[in-house]
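Colleague: The amino acid sequence is not available; the structure is as follows:
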C-alpha cells in the first residue's frame with residue numbers, strides 16, 4: 001500500500017523516492033500509520049487465532065491430548081490478551097487513523113509524531129507478550145483478567161505481561177488524546193459536531209472512554225507488580241489486602257473496555273448500512289445520544305462480572321438493573337439500523353453482508369448478555385462456556401465482522417483497486433457459518449455446566465466440544481482467504497472507479513450522514 005496509482009495505473013512512491021523500511025518507521029502520515037495498525041492487527045489476529053486453535057484441538061475430545069494443563073492455561077491467557085489488545089483495538093485505531101481526518105476535512109491527525117509513537121510501541125508490547133512463553137515457568141496461566149492472588153505466584157513471564165499491558169495502555173492513551181484533539185479542533189468550517197459522520201462520533205466517545213479507563217488498568221497491574229516484588233499487600237488477605245479489590249479495579253476498566261471495542265464497530269456499521277440502503281442513517285441524533293448513553297452507563301455496571309464474589313444482595317440488584325438498562329440505548333441502535341434498511345434500495349455486496357451479519361449476531365450476543373445480567377441466572381452460568389459463547393458473539397460477531405465490513409468498504413478508496421467480489425462473498429459465508437458452528441453450541445455446553453478454562457472435561461460434554469473444534473478450524477482457515485483477497489486486490493485488483501459503490505454512493509451518504517441542517521441543533525436557514 002506504499003504506492004499511489006497515476007492516471008495510467010502505474011505505481012509511484014508518494015514520498016519522492018524516500019522509500020524502503022525507513023519510510024514506514026519514521027512516517028507521520030495518518031494513512032501510512034492507519035495501514036501499519038491494520039497490518040499489525042491482522043498479524044496479531046493470526047497469532048491469537050493459532051492459540052485459539054491449540055485450545056480447540058486440546059478440547060476436541062476428553063482427556064489430555066496435545067498440551068499439558070499449564071500450557072493450556074497460558075494459551076487461554078495469551079489468546080485473550082493478544083486478541084483484545086493486539087488484534088481488535090489496533091484494527092479500529094487503524095480505521096480511525098485512515099478515516100477520521102478525511103471525514104472531518106482535516107489535513108492529518110493533530111499530533112503526527114505522537115501518532116507514529118503510538119503505533120511503534122505496539123510491536124514491542126506484543127513481543128513482550130510472546131517472549132513471556134520463553135521465560136522460566138512460561139507465560140502466566142492466570143486468564144486474561146490476571147486475577148489476584150494467582151498473579152503473585154507466577155514466574156517472570158508475569159512481569160513481562162504486566163510491562164506489555166502498560167505499553168499497550170500507553171499506546172491507547174496517546175492515540176486517544178490524538179483522536180480527541182483532531183476531532184475537537186481540526187474539523188473543516190461548517191462541520192459541526194452534529195454533522196460529523198457516525199464513525200467519527202463513535203470514535204470521539206471511545207477516545208474519552210480510553211483516556212478514562214486505561215489508567216485504571218495500569219493501576220491494577222502496578223499494584224500487582226508491587227505485591228509481587230515490593231512486599232505490599234494490596235490483594236493479599238494475609239497482609240490485610242483483598243483479592244476481590246483487584247476484581248473491582250480490573251472490571252472498572254474491563255466493562256468500559258467492552259464498549260471501547262464495540263463502539264467503533266457500531267460506527268463502521270453506521271457508515272456501511274446507509275451506503276448500501278441508498279438512504280441516510282435513520283435517527284442520526286438518537287444514534288449519537290444512544291452512543292453517549294452506552295458510554296456513560298458502561299461505567300456503572302462493572303460488578304455484573306462479580307455476582308459470585310459474595311456481594312450484598314442490594315449490590316447485586318443495583319448492578320442487575322443498571323446492566324439491563326444498557327440494553328435500551330443498544331436496542332435504539334439496532335432499531336435505527338433496521339429502520340435505515342427498511343424500504344431502502346438494498347444491495348448485498350460483501351461490506352453489507354458483514355454489516356447485516358454483525359447486526360444479527362451482535363443482537364444475539366446482546367440477548368445472551370441480558371440473560372447473564374440477571375444475578376440469579378448468572379450465579380449458575382458464571383465461568384461456564386455460556387459466558388464464553390456470549391462474549392465471542394459480542395467480540396467476534398460484533399467487532400470482527402464490523403472490521404471486515406470496514407476493510408471491504410474502504411479498501412477500494414485506500415488502494416485504488418477493487419477486491420474480488422465473488423471471493424469476498426465466499427469469505428463472508430464461510431466465516432458466518434463456521435463462526436456459528438464454533439460458538440453457538442458453546443451455549444449448550446455452558447447450560448449443561450461445562451466450565452471455562454479447563455483442558456479436560458467429562459464425557460457428557462464431548463459432542464458440543466467436537467462440533468465447536470471443527471467449527472474453529474474452519475473459521476481459522478477461512479481467514480486465510482481474507483488475506484488472499486486483500487493481497488490480490490493490492491497486487492492485481494482492477495482499478496476502482498471514483499465512486500467504488502456507484503449505486504451505493506451516487507449521493508455519498510457516508511460523508512453526509514444527516515440531511516443537514518434539520519438534524520442539527522441549529523435553526524433551519526429559512527427561519528433565520
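Modeller: Thanks, I have it. Only a predicted model underlies this, so the values are computations on that prediction, with no experimental measurement involved.

Colleague: show me the contacts for residue 450.
Modeller: 384, 385, 457, 461, 464, 465 (CB atoms under 8 Å, 6 or more residues apart in numbering). Using the backbone N, CA and C atoms, a C-beta is placed for each residue, glycine as well.

Colleague: ok, now residue 27?
Modeller: So residue 27 contacts 33, 36, 116 (CB under 8 Å, 6+ apart).

Colleague: Of those residues, which belong to helices?
Modeller: 33, 36, 116 (DSSP state H).

Colleague: Output the residues you listed as a markdown table; include the columns pLDDT, neighbour count and distance to residue 200.
Modeller: Formatted as a markdown table, the ones in helices among the contacts of residue 27 follow (pLDDT from 0 to 100; neighbours: other CB atoms under 10 Å; distance: CB to CB, whole Å):
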| residue | pLDDT | neighbour count | distance to residue 200 |
| --- | --- | --- | --- |
| 33 | 97 | 26 | 17 |
| 36 | 97 | 22 | 21 |
| 116 | 97 | 19 | 22 |
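
Colleague: Which one of those is nearest to residue 389?
Modeller: residue 36 (33.3 Å; CB to CB).

Colleague: circling back to that earlier point, reformat the ones in helices among the contacts of residue 27 into CSV and put distance to residue 126 next to each item.
Modeller: What follows is the ones in helices among the contacts of residue 27, written out as CSV (distance: CB to CB, whole Å):
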residue, distance to residue 126
33, 16
36, 13
116, 17
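
Colleague: And these, which is closest to residue 322?
Modeller: Checking the ones in helices among the contacts of residue 27 one by one against residue 322 (CB to CB), the nearest turns out to be residue 33, at 37.3 Å.

Colleague: OK, contacts around that closest one?
Modeller: 27, 97, 109, 115, 116, 118, 119 are the contacts of residue 33 under CB under 8 Å, 6+ apart.

Colleague: same deal with residue 206?
Modeller: Contacts of residue 206 by CB under 8 Å, 6+ apart are 92, 176, 259, 260, 263, 264, 295.

Colleague: ok, so what distance separates it from residue 267?
Modeller: 8 Å (CB to CB, to the nearest Å).

Colleague: and what of residue 138?
Modeller: 38 Å.

Colleague: swap in residue 458?
Modeller: Distance from residue 458 to residue 267, by CB to CB: 43 Å.

Colleague: neighbour-wise, which of these two wins?
Modeller: The residue with more neighbours, out of residue 458 and residue 267, is residue 267; 28 against 10, by other CB atoms under 10 Å.

Colleague: and residue 401, how many neighbours does it have?
Modeller: Using other CB under 10 Å: residue 401 sits among 27 other residues.

Colleague: should've said residue 490
Modeller: Quick note: residue 490 (other CB under 10 Å) scores 16 neighbours.

Colleague: can you list the weak-confidence ranges in the chain?
Modeller: The model of the chain has pLDDT under 70 over residues 1-19, 502-528.

Colleague: Can you show me the strands along it?
Modeller: For the chain, the strands defined by DSSP state E cover 3-5, 11-13.

Colleague: Go ahead and confirm residue 88 touches residue 398.
Modeller: No. Using CB atoms under 8 Å, residue 88 is not in contact with residue 398; the gap is 9.4 Å.

Colleague: follow-up on the earlier one: output the contacts of residue 450 in JSON lines; the columns should cover distance to residue 330 and neighbour count.
Modeller: Formatted as JSON lines, these follow (distance: CB to CB, whole Å; neighbours: other CB atoms under 10 Å):
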{"residue": "384", "distance to residue 330": "23", "neighbour count": "19"}
{"residue": "385", "distance to residue 330": "23", "neighbour count": "30"}
{"residue": "457", "distance to residue 330": "33", "neighbour count": "19"}
{"residue": "461", "distance to residue 330": "31", "neighbour count": "21"}
{"residue": "464", "distance to residue 330": "28", "neighbour count": "22"}
{"residue": "465", "distance to residue 330": "31", "neighbour count": "21"}
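
Colleague: Could you check how far residue 474 is from residue 263?
Modeller: 30 Å.

Colleague: same thing with residue 53?
Modeller: Counting by CB to CB, the gap from residue 53 to residue 263 is 29 Å.

Colleague: Which residue of those two possesses the greater neighbour count?
Modeller: Neighbour count, other CB under 10 Å: between residue 53 and residue 263, residue 263 has more, with 26 against 18.
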